[in-house]
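J.: I'd like to go over a predicted model; first the sequence, then the structure.
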Amino acid sequence: MKVKVGIYQTPQPKGRESEQLLHARVSSKGTRRIDEICERLYELGLNSAQIKGILDGLARYIGESLRDGYHIEVEGIGTFSMSVKTLQEEEETGDKSVTIQPAGVNFKCSKKLQTMVNQAELIVEKPSDKAILPLAKRKKRLASYLEKKKYINQREYAGLLDLTIYQARKDLMEFVEEGFILQTGGKTRKIYILGENSVPDSL
């Protein structure tokens, strides 16, 4: 799957504005959360309730261990450790007091995960790439897909139209309400097929 990146001008301190430095930043398609993770793992044959239980338990275990001063290494993912910050204040006497506070979590990616991510094919995003297709055209493309593939899930629809998972969910709900498509399957195994009112609006 191709990943779009945008190229931006890096802000410079006063006095150095003449230096035209550029940096690239990945244009995120959205954030996948626990429901999407469960849906994907369910497709691989895992029970969604068990998946949520395991992930909740893992998050609790990692948090408690970091709080107690341990590092946590999750094979294939990476190593977690506590981050701390140092605050220095000058007292009225002129002496400096030092306060150390927890400051979240450090994460070091595993080589396996890094290798997988580094296999992404990057393409430079053009300004026109940011605009998504109008709803009518998204509906027409969905109809063409369903005529061939017969069904689609939320994740596949998001990939087909290059949408965030939230925009994809909104589209599908709207299409279901108007009878354009039908929803079937369980909570974590929702799929969509063409409905009786499946003729896309004319463009």
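T.: Great, that's in hand.
J.: going by C-alpha atoms from here, please, whenever you check contacts or count neighbours.
T.: Will do.
J.: okay, and the helix or strand of this structure with the least pLDDT?
T.: Scoring the helices and strands of the chain by mean pLDDT, DSSP states H and E places helix 34-43 at the bottom, with a mean of 74.
J.: counting contacts, what elements does the biggest helix by length in the chain pack onto?
T.: Criterion DSSP state H: the longest helix present in the chain is helix 48-67. Counting by 3 or more Cα pairs under 8 Å, 6 or more residues apart in numbering; DSSP states H and E, the packing neighbours recorded for helix 48-67 are helix 34-43, strand 72-74, strand 78-90.
J.: let's see 10 Å
T.: helix 34-43, strand 72-74, strand 78-90, strand 96-109 (3 or more Cα pairs under 10 Å, 6 or more residues apart in numbering; DSSP states H and E).
J.: how about the least confident helix or strand of the chain, which residues are buried there?
T.: Applying a neighbour-count criterion of 16 or more other Cα atoms under 10 Å, one finds 38, 39, 40, 42 buried in helix 34-43.
J.: any idea of the angle it forms with helix 48-67?
T.: 120 degrees (axes from the mean of the first three to the mean of the last three Cα atoms, to 10 degrees).
J.: could you say what helices and strands helix 34-43 packs with?
T.: helix 48-67, helix 154-161.
J.: what's in contact with it?
T.: Helix 34-43 has contacts (Cα atoms under 10 Å, 6 or more residues apart in numbering) with 44, 46-52, 55-56, 153-155, 165, 187-190.
J.: drop anything exposed from the residues you listed.
T.: Buried among the contacts of helix 34-43 (16+ other Cα under 10 Å): 48, 51, 153, 154, 155, 165, 188.
J.: just give me the closest of those to residue 182.
T.: Nearest to residue 182 among these: residue 153, at 11.4 Å, using Cα to Cα.
J.: need the pLDDT of the closest one.
T.: Per-residue pLDDT puts residue 153 at 90.
J.: ok, now how distant is the residue lying farthest from the centre of the chain from residue 100?
T.: Relative to the C-alpha centroid of the chain, counting by Cα atoms, centre = their mean, residue 93 is the outermost residue, at 50.5 Å. Look at residue 93 and residue 100: by Cα to Cα, to the nearest Å, they are 21 Å apart.
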